[in-house]
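Asks: The following comprises the amino acid sequence and a computationally predicted model.
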Amino acid sequence: MFQQRSNLFTGPPRMSTPVSVAGRPPRWVSRRRIFEQNLSELHKCRNLAHVKKFFAQILKSDRHLDPQMAAKLVSAFSLCHQMGLAVKVFAQFDEPNTHLYNMLIRAYVKNSQASKAFETFWRMQINGVPADNFTYPFLLKGCSGESCLHLVQMIHTHVEKFGFFADIFVPNSLIDTYYKCGQLGISAAKKLFSVMEERDTVSWNTMISGLARYGELAEARRLFDEMPMRDTISWNAILDGYVKAGDMNAAFQLFEKMPERNVVSWSTMVSGYTKVGEIDMARMMFEMMPVKSVVPWTIIISGYAQKGLAKEAIMLYDQMEEAGVIIDYGTVISILAACAESGLLGLGQKVCTSIQRTGLKCTTSVLNALIDMYAKCGRSDEALRIFNRMPEKDAVSWNIIIHGLAAHGYAGKALELFDRMKQDNFEPDEVTFIGVLCACTHGGFVDRGLDYFLEMQKAYGIVPKIEHYGCLVDLLGRGGRLKEALDLIHSMPMEPNAIIWGTLLGACRVHDDSNTTEVLGRLIVLDNYDSGNFSTLSNICSAARDWDSAASVRLQMRSSGIQKPSGVSSIDVDDEVHEFTAFDMSHTESNDIYKIVDTIRMDLGETLLGHGSRHQ
DNA sequence: CTAGGGTTAG
């Protein structure tokens, strides 16, 4: 089963002979000394050129057969994402020792190949090489998600059997990993913590942040109050809990009480205020920060961008660059996502330029974020250009481009790409089909959409989620097949939510189907308190001149305390965002704007009624 | 081994 060991670098192993330095000029000797000094740091070296240079030297002196040296090489190669080379170094050994196995396991995990890490672990077991207290934390780093729970439990059993709980790192990383395994991991984490004989600050902090992440704030707070020694991490963990729960008042109170605050504490507050929409408070916190890193800059810029406040976002972005802050993956992905959401093409292009200027590595994720930004900002051409040229697409790339094209009316092109995706052997997933159904909706291909919905289940075994039913309701609804849409809602295996009803309501409004509206009117008041739906419903009633019903819906809204914020449309012209509400006359150029809107309406009317091109 | 920002979805 195991690969034949081969000596790929130097031919058959030779006896190691120390390189003599005698008789060399002093300069060489000193270089040699520097080489040896740097060699001791080799396992931390992230520069591939340097690592290769060292590697050449090591090969020359046959020291790659020294397990200690080989372990360093494996580690260095993994940092440079050269798993092929790391494996080759490892494969030089007939009987790798525990340390070498550990380094390979860690290498796989760091390069997101957790399954290979576990394969290595099994191989270690079969070959009778004992694991040690380092092996388990490395393996655990590769576990996350519900599917990993059984693996973590298996590791837990191993650890118990071989008595590695003595090293506090082991139970600590077990607790941490249990929390990464979803709801089911929580009780396991609690149980382990309760039986631990010794706990250090990390153990307590891991528990607190885990509980806070899952919203068990009271429990987290109890541990926080109970723990013997609190450090800044403990305070930050509980602070993060309040922020995640959206309770900025509690967060602020705690923040004020903190004995010391670091960049993370301040950033957590900035991010919290951003998330609850209090961008001015976020800005104040940001300005008050004594030290800023790239993270808070990213948070505040993304915050403005998300709100569509292009001018402020761009000003801050320029300030950040002037301050010499170096952008990283997080910055790029976070800001581009915000630009995509709000349609801020200007800022998105700035980020694109910065990527090129700083030479930030264009990973698939970075390119995906760029493509999504261009597509959502209406630049399908640029999105497609990058997509076509990207060296390694993943399923997400395909999903983004398909949905991007679909949402902007290029239904045919989107479906064409869906076919190409399958030809290129990418397995469509549940997100892909959202884009595909969206394409059918926008292209008016109702029956074809229904076929895809079946294909999704039959050919790919995807169980439709409520989002898919939402697409389907939209597809049928916009296609005027309201009865089928309503039947679909009734036959869904899950409870319809406000989004589903809203979609159908929207269709009723367009197609003026008062029968369905009646059914909906009854259903919607039962259990879906969505302000948008109430207001659509009342609009439908008004449009049907059923003033009594319209009034009763409005009344019901008021009595249930629902307020509908007015809908706005916005347009970004030279990074100035212009907002419009219905019957809005506040814009300085309102008259001209409405004239153009009327022209467009007439053009649309002609097209919809099939009068053909007016150039005929 | 623990703390802040991280791409796709009506």
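Replies: Great, that's in hand.
Asks: where are the low-confidence patches of the stretch 351-500 of chain A?
Replies: Applying pLDDT under 70 to the stretch 351-500 of chain A picks out no residues at all.
Asks: repeat that with 80
Replies: When residues are selected by pLDDT under 80, those of the stretch 351-500 of chain A lie in A:498-499.
Asks: can you map out the strands along chain A?
Replies: A:569-573, A:576-580 (DSSP state E).
Asks: For the first one, give the mean pLDDT please.
Replies: Pointing back at strand A:569-573 there. Per-residue pLDDT over strand A:569-573 has a mean of 62.
Asks: swap in the last one?
Replies: For strand A:576-580, the mean per-residue pLDDT is 63.
Asks: how close does A:Thr98 sit to DNA strand B?
Replies: 17 Å (Cβ to the nearest atom of the strand, to the nearest Å). Glycine gets a C-beta too; all of them are placed from N, C-alpha and C.
Asks: Torsion angles phi and psi at the closest residue to that residue other than its chain neighbours?
Replies: Distances taken as Cβ to Cβ, 6 or more residues apart in numbering place A:Asp132 nearest to A:Thr98, at 5.3 Å, with adjacent residues excluded. When quoted as degrees, to the nearest 10, the phi and psi of A:Asp132 stand at phi -130, psi -170.
Asks: In the stretch 51-200 of chain A, which residue sits nearest DNA strand B?
Replies: For the stretch 51-200 of chain A and DNA strand B, the shortest gap (Cβ to the nearest atom of the strand) falls at A:Asn172, measuring 2.9 Å.
Asks: correct me, but that residue touches A:Thr201?
Replies: No. Contact criterion Cβ atoms under 8 Å: A:Asn172 and A:Thr201 do not qualify, at 10.0 Å.
Asks: Would you report the backbone torsion angles of A:Pro464?
Replies: According to degrees, to the nearest 10, A:Pro464 has phi -60, psi 140.
Asks: which ones are touching it?
Replies: A:Phe453, A:Met456, A:Gln457 (Cβ atoms under 8 Å, 6 or more residues apart in numbering).
Asks: A:Phe138 against A:Arg106, yeah?
Replies: Yes. If you go by Cβ under 8 Å, A:Phe138 and A:Arg106 touch, sitting 4.4 Å apart.
Asks: Need the residues touching each of the two.
Replies: With Cβ under 8 Å, 6+ apart as the test, A:Phe138 and A:Arg106 both reach A:Ala117.
Asks: ChimeraX command to pick out the buried ones of the contacts of A:Pro464?
Replies: To isolate the buried members of those in ChimeraX, using 16 or more other Cβ atoms under 10 Å:
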select /A:453,456
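Asks: Narrow the contacts of A:Pro464 to those in helices?
Replies: A:Phe453, A:Met456, A:Gln457 (DSSP state H).
Asks: wait, doesn't A:Tyr317 sit right on A:Leu347?
Replies: Yes. Counting by Cβ under 8 Å, A:Tyr317 does reach A:Leu347; the two are 6.4 Å apart.
Asks: Next, show the common contact partners of those two.
Replies: Common contact partners of A:Tyr317 and A:Leu347 (Cβ under 8 Å, 6+ apart): A:Ile335.
Asks: Can stretch A:245-252 be said to contact DNA strand B?
Replies: No. Using Cβ under 7 Å from any atom of the strand, stretch A:245-252 never reaches DNA strand B; the gap is at least 11.8 Å.
Asks: same question, stretch A:348-365
Replies: Yes. Counting by Cβ under 7 Å from any atom of the strand, DNA strand B is contacted by stretch A:348-365 at A:Thr364, A:Ser365.
Asks: State the distance from the residue nearest to A:Phe252 when sequence neighbours are not counted to A:Asp372.
Replies: Once flanking residues are discounted, A:Phe252 sits nearest to A:Met269: 7.4 Å by Cβ to Cβ, 6+ apart. Distance of A:Met269 to A:Asp372, given as Cβ to Cβ, to the nearest Å: 29 Å.
Asks: next one: A:Val332
Replies: Distance from A:Val332 to A:Asp372, counting by Cβ to Cβ: 12 Å.
Asks: same thing with A:Lys110?
Replies: 27 Å.
Asks: Equivalent analysis for A:Phe169, please.
Replies: 39 Å.
Asks: Also A:Phe121?
Replies: Distance check for A:Phe121 against A:Asp372: by Cβ to Cβ, it reads 37 Å.
Asks: Please enumerate the helices of the stretch 301-450 of chain A.
Replies: Here the stretch 301-450 of chain A has its helices, by DSSP state H, counting those that start in this stretch, at A:310-322, A:329-342, A:345-358, A:364-376, A:380-389, A:395-407, A:411-423, A:430-443, A:446-460.
Asks: Can you list the neighbours in contact with the fifth one?
Replies: With contact meaning Cβ under 8 Å, 6+ apart, helix A:380-389 is reached by A:367, A:370-372, A:374-375, A:393, A:397, A:401, A:404-405, A:408, A:410.
Asks: can we see that at 10 Å?
Replies: By Cβ atoms under 10 Å, 6 or more residues apart in numbering, the residues outside helix A:380-389 that reach it are A:345, A:348-349, A:352, A:362, A:367-368, A:370-377, A:379, A:393, A:397-398, A:400-401, A:404-405, A:407-410, A:413-414, A:417.
Asks: What subset of the residues you listed is buried?
Replies: A:345, A:348-349, A:352, A:367-368, A:370-377, A:379, A:393, A:397-398, A:400-401, A:404-405, A:407-408, A:410, A:413-414, A:417.
Asks: Around DNA strand B, which positions in the stretch 151-300 of chain A sit nearby?
Replies: So the stretch 151-300 of chain A meets DNA strand B at A:168-169, A:172-173, A:176, A:201-202, A:205-206, A:209, A:232-233, A:236-237, A:240, A:262-264, A:267-268, A:271, A:293-296, A:298-299 (Cβ under 7 Å from any atom of the strand).
Asks: Contact residues of the stretch 451-600 of chain A facing DNA strand B?
Replies: So the stretch 451-600 of chain A meets DNA strand B at A:Lys465, A:Glu467, A:Gly470, A:Cys471, A:Asp474, A:Ala498, A:Ile499, A:Ile500, A:Gly502, A:Thr503 (Cβ under 7 Å from any atom of the strand).
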